[in-house]
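>>> Dropping a prediction and its sequence here:
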Amino acid sequence: MASVRAAVVAGSFYPADPNELTTMVRKYMALVRGTSNTVVPKALIVPHAGYIYSGKVAARAYARLMSARGRLDRVVLIGPSHLMQFNGLALSSAEAYETPLGCVPIDKVAIQTLRTLQSITVRDSVHAKEYSLEVHLPFLQEILGFFTLVPIITGDASPEKVAEVLEMTWGGPETLIVVSTDLSHYLDYESCRQLDASTVQAIESCHVNGIDRAQACGRVPVRGLLAMAHRKSLKVVTLDVRNSGDITGRHNRVVGYGAWALLEQNTAHVGAERDATDDDTGATLLGLHGETLLHVAAASIRHGLYYGRSIPLDLKAFPHMLCQHYAAFVTLNRDGNLRGCIGSSQAWRALVEDVAENAFEAAFADPRFRPLLRHELFELEVSVSLLTAPQPINFCDQDDLLEKIRGGIDGLLFEDQGHQGLLLPQVWEQIPEKRDFLASLKRKAGFSPNYWSPTVKIYRFTACSVKSADLPNPMVLWQTSVETF
């Protein structure tokens, strides 16, 4: 009878009942719907705690595989040893890994190939009770269906030794690398946020030596993957970062969790990949911090009423994701009518700063409207939109352009003779016809609706938005103290 590595944390880290487990995994995937796209990553970094703590963060990563069923058929899963200390890396002699959803067959050919390396040996005792690999399998089984597994557990090993193992199993588009790790452990909430922010920076910059023992229990496999990412010029995308205090509300001893996707730069349709990745990042940002951005916008407008300028911000008070450069627009509506809209078409400053400045400008410096009056404050609906990087549309003439515009999807930027005009994707709700949309775009740039020139340049982008009307009690925004930020 074939040897099977039995499930050991079913019933503790995740449900032991197959139906209950399937329901839980699908629930977490449903919570992050809208964040998936057709760009399948080469590698993922995913947390491995009990599902009630890190399940949603894990789902952020695994949502990237929703289009990969039937395309990915091998997963190299590598995580740290929590229970046994040893040197090198450990393989399993089992022929399958078990979960309540069934058995995942092990790629025996890959195992035999890896055994030629001096740094890696078969150690069934290491695999027997270790949970850092097992917890990922139900997600992978639900999303991918059939696949073979290469399970590797790391002991004390250098980034070079881990990278050597990853290089040997890298494969092609049929192979996914999953690195298992949690982040900082048992710090108070604020200390955890600060330390995890430095880990985010190290991962995003592929700084192999920027992650130490206190920052990630899976630092050994993470550092090996970052070495490979640098070597192969992978793009690193932060998908989610939070900690157990965000779930339980207890802030004295928390554990950090993060999820990242690593993308190959030579993937076909690079431009489309960039759009999808940026849009995914924007959706993640708003899912995690949209309410904070609305508070910043509201506080800046209120500050402007009192002091005549945008609210000053201390960037150290905000999560790392909100301090990255991102292009944002702030739109104000009153009684269903536009009351101001100002934004940035290119990312050039910290996102929270961009939102604060644009909110102030939309309220008090949009040339189409008089400055906001105090009595209007409580009647405003505020919307924050995050834009992907504009990409040029190649076209022969205006009719060709109209054919290539994606109605209801594209935001457009018009450029000619030093003039610019921009319309966000949500404007399609008011102007659903392509020709009318383009005419309005020309007017925004200062030209007549019939204007055309061979020097016209058009760029497309997508956007995701959050608005105060979506909050359970949006009026709380306007009760925000001007000193809050």
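Looks like it arrived, so ask away.

>>> Pick out the residue closest to the middle of the chain.
Centroid-nearest residue in the chain: residue 239, 2.3 Å away (criterion: C-alpha atoms, centre = their mean).

>>> so what strands line up beside the helix or strand that residue 333 is a member of?
Using DSSP states H and E, residue 333 sits within strand 327-334. Strand 327-334 pairs in its sheet with strand 337-343 (antiparallel), strand 380-387 (antiparallel), by DSSP bridges.

>>> could you point out which element follows the last one?
The one in question is strand 380-387. For strand 380-387, the following helix or strand on the C-terminal side (DSSP H and E) is strand 391-392.

>>> which other residues reach the strand holding residue 333?
With contact meaning C-beta atoms under 8 Å, 6 or more residues apart in numbering, strand 327-334 is reached by 293, 297, 301, 338-348, 351, 354-355, 358-359, 361-363, 372, 376, 379-387, 389, 424, 463. Backbone N, C-alpha and C define where each C-beta goes, glycine included.

>>> Selection in ChimeraX covering whichever of the residues you listed are buried, please.
Filtering the contacts of strand 327-334 down to the buried ones (16 or more other C-beta atoms under 10 Å) takes a single ChimeraX command:
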select :293,297,301,339,340,341,342,343,344,345,347,351,354,355,358,359,361,362,363,372,376,380,381,382,383,384,385,386,387,389,424,463
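
>>> Make CSV from the strands paired with strand 327-334 and add distance to residue 43 and mean pLDDT to it.
Formatted as CSV, these follow (distance: least, C-beta to C-beta, whole Å; pLDDT from 0 to 100):
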stretch, distance to residue 43, mean pLDDT
strand 337-343, 34, 95
strand 380-387, 25, 95
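
>>> Rebuild those as JSON lines, extending it with distance to residue 109.
JSON lines is the format used below for these (distance: least, C-beta to C-beta, whole Å):
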{"stretch": "strand 337-343", "distance to residue 109": "53"}
{"stretch": "strand 380-387", "distance to residue 109": "44"}
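
>>> Tell me which of these approaches residue 205 most closely.
Among those, the nearest to residue 205 by C-beta to C-beta is strand 380-387 (22.0 Å).

>>> out of everything not next to it in sequence, what's closest to residue 87?
Distances taken as C-beta to C-beta, 6 or more residues apart in numbering place residue 156 nearest to residue 87, at 5.0 Å, with adjacent residues excluded.

>>> which ones are touching the one you found?
Per C-beta under 8 Å, 6+ apart, neighbours of residue 156: 85-88, 220.

>>> Same check on residue 206?
Applying C-beta under 8 Å, 6+ apart to residue 206 gives the contacts 226-227, 229-230, 234, 236.

>>> repeat that with 10 Å
223, 225-231, 233-234, 236, 262 (C-beta atoms under 10 Å, 6 or more residues apart in numbering).

>>> same deal with residue 363?
Taking C-beta under 10 Å, 6+ apart, one finds 297, 300-302, 304-305, 310, 330, 332, 339-340, 342, 369, 371-373, 376-377, 380, 382 in contact with residue 363.

>>> Please determine how far it is located from residue 318.
To residue 318, residue 363 is 21 Å away according to C-beta to C-beta, to the nearest Å.

>>> Run through the strands of the stretch 351-485 of the chain in chain order.
Listed in chain order, the strands of the stretch 351-485 of the chain (DSSP state E, counting those that start in this stretch) span residues 380-387, 391-392, 411-416, 419-423, 457-461, 463-467.

>>> and those strands, which is most packed in?
Highest mean neighbour count of the strands of the stretch 351-485 of the chain: strand 380-387, a mean of 24 (counted as mean count of other C-beta atoms under 10 Å).

>>> Leaving out chain neighbours, which residue sits closest to residue 308?
Counting by C-beta to C-beta, 6+ apart, residue 308 lies nearest to residue 364, which is 8.0 Å off, once chain neighbours are set aside.

>>> Surely that neighbour is in contact with residue 309?
Yes - between residue 364 and residue 309 a contact is recorded at 9.2 Å, counting by C-beta atoms under 10 Å.

>>> Confirm that residue 40 sits in a strand.
No - read with DSSP: H, G, I helix; E, B strand; the rest coil, residue 40 is coil and lies in no strand.

>>> Let me see the confidence value for it.
Per-residue pLDDT puts residue 40 at 91.

>>> cool, the one 3 residues further on as well?
What the model reports as pLDDT for residue 43 is 98.

>>> which phi and psi does it have?
Residue 43 has phi and psi values of phi -150, psi 150 when expressed as degrees, to the nearest 10.

>>> rewinding a little: buried residues in the strand holding residue 333, which are they?
By 16+ other C-beta under 10 Å, the buried positions in strand 327-334 come out as 327-333.

>>> ok, so of those, who is nearest residue 444?
For the buried residues of strand 327-334, the residue nearest residue 444 by C-beta to C-beta is residue 329; the value is 13.0 Å.

>>> where do the helices sit along the stretch 201-350 of the chain?
Counting by DSSP state H, counting those that start in this stretch, one finds helices in the stretch 201-350 of the chain at the ranges 219-231, 244-248, 270-307.

>>> residue ranges with poor pLDDT in the protein?
1-2, 33-38, 266-280, 470-485 (pLDDT under 70).

>>> Kindly report the domain assignment for it.
Using automatic domain parsing, the domains assigned to the chain come out as 4-267, 286-388+464-479, 391-461.

>>> List the contacts of stretch 430-438.
Applying C-beta under 10 Å, 6+ apart, the external contacts of stretch 430-438 come out as 338, 398-399, 401-408, 410, 412, 414, 423, 427-428, 439-441, 449, 452, 458.

>>> Great, nothing more from me.
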